[in-house]
Every structure is written in C-alpha cells, then in structure tokens.
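Trainee: any chance you could fold what I've pasted below:
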Amino acid sequence: MKPILKYEKNFKKALKEKESKLSRSIGKLGDGFGNLYFDNTRTIVWVRFGETKAIPVFCNRVAPENELQVVVGYAPEQPLLYQVLSTYSDKPGGENAGTLGGYAPARRYEWLAPKGGQDPLYVHLRAFTPLGIYVSHPTSMSVQLMRGMIINASKTPIEVPAATSDHTAYIPTTEGKAVLVLHTIDNDGVNVETVSAEFDIDALMPEGDRFANVPALPTDTVFVRGLVRVYYGQTKIQEGRTNRDIIDMRFPGFYGGSAGAVAWADIVGKPETWDELWAELTGASVGVTDIVDPLFARKWLKSADPTVDDDTSTGYGKTDIWLNQATSSLFICLDASDGAAVWLPVGSSGGSPVIFSVNGSLAVLASASVPYLVTQDLTIESWYIYCEDNGSASSTIVDVNKNGTTVFTTQSNRPTLAHNDSDNWAISGTPEVTTFTEGDVISIDIDQIATGAKNMLIVGFVSIASGGGGGAFNLTVENASASTSVSNVGKIIVPDNVLQDNGGGEAQLFFIPEKALINTTPSGTLTTSSATYADVDGSNMEVTITKKMPDTNICIDLRASSFSTDVNTVLRFGIYVSSTDYDIAYQYFNISFAHLYASGAIIISGLPAGSHTFRLRWKRLSGSGIVTINTDDRVILIAEEVR
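Mentor: Numbers count the residues shown, from 1 in each chain. Now for the predicted structure:
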C-alpha cells in the first residue's frame, strides 16, 4: 500500500473512532440559588457548567446533592438520554477538581471518603477478614486466625479473639506426602485444629480431588474457617494468584471438583411453595398470599365504581377501600381474585370504615381480631359481615364490643351470615350503641360459626367522622375555576388551587402551577435558510400544558444547539402559539460548523385557561449559511404556568 493511502486509511479510522465517542462534561448539581430538583418527579435536577445558566438533566444514577460535582453526558446503553452519569473526583480521597483525571469517582464507594458509601465496593472473599485465615508477615509456617463473632447452639453471641497458629509440627516427614489442617471453631468459641492422614501430594493439584482427604468435622463445631495445606519440604505458607496454601471455607460453594455440595432436589421435607414456607415459619394454616392488614387498608380515590376486573392483576387487594368521588360512594374489597373481584358497597363516605379481618378457618373466639383504637369521634350505624367461604351448614354470628361491652343490646341484630347466602355478605340490624369517641376500643367476638366457614371480614360503616371531642366537621372544599372568591359560609371555594394545613392549625391556599418539558434530539438532520418563521421539527419540538387559571402567564424557557455552514449567519428561534410567533432566542455564528447553544426565556400573557401547545420555530435573519440541527444537537423546551 502506498504511504499516502495508508496514512489516509489510518486517519479516517481514527476520525471515526473519535466521532463515535459519546461526549461528557463536568458540572455541579443545583441552580446556584439553592434549588436542586427541576420538578416534583425528583428525577430531573438542575446542573451548572462553569458560569453558564443551569439546565435540567435526568438523574437516577447519583444521589442528588447541591454543589455535588458530577459527570454529565450520554451512556453507551442510552445514547439518546442526556443524564448525570456519576459523581466526579480525580483523587482517591474524593476531593473535587477541575479537570478529568485518571482516578475513579472514589467518593461513590469509599466508606470513609467525604460523603462516601453511595455504592457498594465488590471484593474477593479473601479480602473479607472476620474469622478468616491469612499468611503471617513475614511469611513462615504460621498463619493468622482473624477475630470475629459466632452464634453458638444456645443462640448466644461469642467473641472469637485473633490468634496465631504454627503449622511446623504438621509437616510430613515422608517425601511426596501432604496433609490438610482443618481450622474450626467450637460451641465455646475455641479454635480447633484437626489434621488429616498423610496422602500423596499430587492430590492437592487442581486436577486431583483436593477435598478427598479433608478430616471430619469435630463434634461441637459451629463454624468452619478453612483448610491449610502442609507438605514435605515446606518452609512457609504462601498465597498466590492460582496456587494457594490456604483454602477459605467460611462461605462454602462448589470447590475444585468437590462432590460434597448438596443439590436442592436432594433436600427432603423442604417447603415447595411460599404458602408452605409461611406455614413453616409461623405455624399458621393460612397462606402468605391470603394475609391482609386491616389496620392499614389502602385507600383509592376514583371517579367511577369498581368492577370485577379491579383485581390483583391491576394492583388491588383484599380490604382495599375505594371512594367514588363523583358520587361519594364507598366500597371495600372482599375478594381480589383475578377477573372476579368482589367490592362491597358500604354507603357514602362519612369516614374510613372500621375493618376487622380473621384469616383461615373460623372458630368461636373472644377478641377474634386485633382491636381497633378510635382516634376521632365516629358514628357507626351498621356492621357488615363477609366470608370468602360461607361454610356448609348453620350461620356465622359476630358480636361487636365497645370497651368490652356489646353494642347490640338486642342480640338478634348482630351481624349474621347464613351458610347458603349467595352474596357471601350480610348487614346487621341497627345497634343500640352507635357513637364512639377518641380513646374507645372496638373489638369483635365470634359467637357462632357455620361449618367450614373461613376468611372473614367485619366492616363498620362510618357515617360521621369528626375531630376528636368536637362536633361534625362541615367545611366543604370545591373546585370552581370560574370564581376567585373565598366564602366562609359553610364552605371555602378554591379556584383550582390546593387547600393545605400550614402546620399551625390553620389552612392556606397553595397554587400548584402546570409545567411541561421536552429534552430531546431531532428526528433527523433539520435545516433552514428561510427568512420567515418555519417549524423546526413539527410536533416533535413542541410542549402542551393545560393552563389552570385565566389570569396567569406562561413562562417559556429554551436551550437549543445548532450550527451554520457559513460564518456571519444570524439565527432567531421563536415560539408559536394561538396563531402568533414570539421571539425567544438569538444566535450569531462567528465560526462555521460549530455546534453552539442558544438560550432564552419569555413570558406570554393573555392566554385563556385551557390546553395550549407551544411549538419551536426558527428563521435566518441574515447571512448565507444554512442553519442546521442534527442528532448531535439537543433541544430543551420548558413551559410553565406562572403568576
């Protein structure tokens, strides 16, 4: 090959490799004014580069912290996502510096480095010191037995001190022979050494069975440290990369052809399912998949009633509470079976229902479930009973008690479910005691069971819930976009805002603005030489938000890179909304084919409440260059409702 052709080939190869490398930069987290997160998702953070304005960047690899120095760019596995890649340091101790160096970001994993310990440091087993066996220094026929702790047969922790063990006396006197010294710890925390019979040294080699001659474990052994091999003519115990005199057995696995490992299939009497494992651990007859927590039932705010398809496959579970906000109807999930969910209507929502759950087969029992402590004044006018299995004969009857005394003076009104009830649930008669105050304890007794009945729920429908010791709370919060007035006559009208507790027992109005963002690259190479505004990339370069308030403004923030094919070219970016173009950013290209960032922000006023789409547009103001955005560029467009 001619020298010039060879040079050209090598140059093109090097250029291609350089172009394929993903760009990375060093920045600091935070916008410089104390703000770290860009929005409430807490996955996009502000990042500053030098003295430039902060930009929002995706971040899920680093624990965010103001002023933390980080590396920002594109990862090979996510080449289109501009994100925080790691923390940055060019010194092992974790101190920040201004240029990329040759050290890893040490503060991410070093426990004692400044703000370290964020990531695990993977180590070899021999680097884990507790109760390990290590060579002496200087090397000799002695080994160091490291200190640590064991739990003995009485479940008592015992501290095992460090020790030194000389293996000179174990050296075989016959040429070509070797022994294995087994180091164990007994029930009293004492180091025990057991020596094997002499065997041919060839059995220690990788192709031999190194464990065929391991001595039996002494009785009373609670921990195995490992083995030390000792052979004829040996002068010191050593460790090497591939050939070691110490065999670590603290966490045994498959060692060099050993047949000593037990296969899972060979273990008899083991639990085969999660339910069996739960039963082994707790002694309970019910499976782990049937366990519910009536004290912390989940609440779902919805705009429609639940159906049979609102089941385990869609994330719902037994005892879940469903509130249809449109009708104030309340439901409780009695059965979340896939495709056959059962939701019991329990009336309108005066407060969260009081729920008792009894899992497994029922039995006549006082205090059959965890008692319920009343934390605010309640009125409960009816009690529901449900059984997943009604049984095969008779009826199940439950009594409800307030501070140990039944609320059903008329015992025939107690919640009663017949074995042949096709709905699997029933409602009680009216109890004589319906009011409960803060500090009262509600409990249930199972007075009678249907044969074979199991998995029961008792639900008290709360018709009135009020603050502890006070009357019923009748403050109503409404959403009224057309009104900005506040009335204290029986209600407060909140125009698309949030009513929240200010921490001092008072309520205040809090405005939550709408915000939208795109952080993207173009769909291909985009160009313009137009003197009038044209779309940059159509709907790929636009954001849409729903403006809540009629009297608010929209703040548009833009950061976009591009290049020109010729110098002395001027570009203008604009935002198009409601048939109007608004100038937002200006870029002068004093060099050609250099990707430069343009940034700008504007406030757009006068837009009515409702949905609005803001599209990015551009035009060439002057010059002869063709302005271009390609897949090496990035566009960040933010729209936010502001007052």
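Trainee: name the SS class of Met456, please.
Mentor: strand (DSSP: H, G, I helix; E, B strand; the rest coil).
Trainee: state the distance from it to Leu373.
Mentor: Applying CB to CB, to the nearest Å, the value for Met456 to Leu373 is 21 Å. For the C-beta atoms, the positions are set from N, CA and C on the backbone; glycine is no exception.
Trainee: Tyr37: what's it in contact with?
Mentor: Ile44, Val45, Trp46, Pro64 (CB atoms under 8 Å, 6 or more residues apart in numbering).
Trainee: need the helices for this protein, in chain order.
Mentor: 3-20, 274-282 (DSSP state H).
Trainee: which of the contacts of Tyr37 lies closest to Gly404?
Mentor: Closest approach between the contacts of Tyr37 and Gly404, by CB to CB: Pro64, at 52.5 Å.
Trainee: number of nearby residues for that closest one?
Mentor: For Pro64, the neighbour count with other CB atoms under 10 Å is 18.
Trainee: tell me the bridge partners for the nearest residue to it once chain neighbours are set aside.
Mentor: Using CB to CB, 6 or more residues apart in numbering and skipping residues adjacent in sequence, the residue nearest Pro64 is Val45, 5.1 Å away. Beta-bridge partners for Val45, by DSSP bridges, are Tyr37, Val57.
Trainee: could you report the neighbour count for Val45?
Mentor: Neighbours of Val45 (other CB under 10 Å): 28.
Trainee: who's in contact with it?
Mentor: Taking CB under 8 Å, 6+ apart, we find Val45 in contact with Leu29, Gly30, Leu36, Tyr37, Phe38, Pro56, Val57, Cys59, Pro64, Val84.
Trainee: tell me the one of these nearest Ser443?
Mentor: Of all the contacts of Val45, Tyr37 has the smallest distance to Ser443: 46.1 Å, by CB to CB.
Trainee: break this protein down into its domains, please.
Mentor: Structural domains annotated on the chain: 22-108, 129-248, 289-465, 476-510, 515-642, as defined by automatic domain parsing.
Trainee: circling back to that earlier point, now render the contacts of Tyr37 as CSV, adding pLDDT and distance to Glu198.
Mentor: Listed next are those as CSV, based on pLDDT from 0 to 100; distance: CB to CB, whole Å:
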residue, pLDDT, distance to Glu198
Ile44, 92, 69
Val45, 93, 66
Trp46, 94, 71
Pro64, 87, 63
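Trainee: can you redo those residues as CSV with distance to Ala450?
Mentor: Putting these into CSV (distance: CB to CB, whole Å) gives the following:
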residue, distance to Ala450
Ile44, 57
Val45, 59
Trp46, 63
Pro64, 57
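Trainee: just give me the closest of those to Tyr597.
Mentor: Closest to Tyr597 out of the contacts of Tyr37 is Trp46 (16.0 Å), distances taken as CB to CB.
Trainee: residue contacts, the closest one?
Mentor: Shown in contact with Trp46 (CB under 8 Å, 6+ apart): Leu29, Gly30, Asp31, Asn35, Leu36, Tyr37, Phe38, Ala54, Ile55, Pro56, Val57.
Trainee: separate out the buried members of those residues.
Mentor: For the contacts of Trp46, a burial check counting by 16 or more other CB atoms under 10 Å picks out Leu29, Gly30, Asp31, Leu36, Tyr37, Phe38, Ala54, Ile55, Pro56, Val57.
Trainee: just name the closest of those to Ile584, please.
Mentor: Ile55 (15.5 Å).
Trainee: state the pLDDT value of the nearest residue to that closest one once chain neighbours are set aside.
Mentor: Nearest non-adjacent residue to Ile55, counting by CB to CB, 6+ apart: Arg559, 5.6 Å away. Arg559 carries a pLDDT value of 90.
Trainee: next one: His124
Mentor: pLDDT for His124: 63.
Trainee: swap in Asp305?
Mentor: Asp305 carries a pLDDT value of 88.
Trainee: and Arg107, by the same measure?
Mentor: We have a pLDDT of 45 for Arg107.
Trainee: ok, the one 10 residues further on next?
Mentor: pLDDT for Gly117: 52.
Trainee: thank you kindly, that will do.
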